[in-house]
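>>> Provided below are the primary sequence and the corresponding predicted coordinates.
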Amino acid sequence: MNLSFVKELFAGFLRTRHFGRHFRRLALFESLAGTQVSRDLPPSLAQELVAAATSDADALLARLESHADGLSETRAEQVRDHVGLNEVEHEKPLSWWVHLWHCYKTPFDLLLTLLVHQHASFGT
């Protein structure tokens, strides 16, 4: 069976509805997989991590200027002043209509909604 007509029809549907971006994600990941990114740790960091993992807990806490109960308030303020607050930045929430638009990413989502609506109208 020749499915080229169905493939072209589906591709045309995707182009007109701007859904093609959803199918390009895999291509992006494949292109990133081919990049030569070094996964090796710098030797100094590797040595530091090994030293921390193998050291005595009390010695490690002393080296980190901490103790078993955590940082003192003074030390926490110093760290906060040096590196900033320990907060996660959040994006601005989407408006309801943008959220609704993103819910219909594929034609199948729209089909399911229509089927549920049709079933609900016949059920009453």
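Structure's in. What do you need?
>>> quick one, domains of the chain?
Following automatic domain parsing, one finds the domains of the chain at 1-37, 43-83.
>>> Output the lowest mean pLDDT helix or strand found in the chain.
helix 25-33 (a mean of 51; mean pLDDT, DSSP states H and E).
>>> measure stretch 63-70 end to end?
End-to-end distance for stretch 63-70: 13 Å, by CA to CA, to the nearest Å.
>>> Reformat the domains of the chain as CSV; add distance to residue 98 and mean neighbour count.
In short, each C-beta sits where N, CA and C put it, glycine included. Listed next are these as CSV, based on distance: least, CB to CB, whole Å; neighbours: other CB atoms under 10 Å:
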stretch, distance to residue 98, mean neighbour count
domain 1-37, 14, 9
domain 43-83, 34, 11
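>>> Can you check which of the ones you listed gets nearest to residue 119?
domain 1-37 (24.3 Å; CB to CB).
>>> low-scoring stretches of this structure, by residue?
1, 19-39, 123-124 (pLDDT under 70).
>>> any chance you could map the strands in it?
Here the chain has no strands by DSSP state E.
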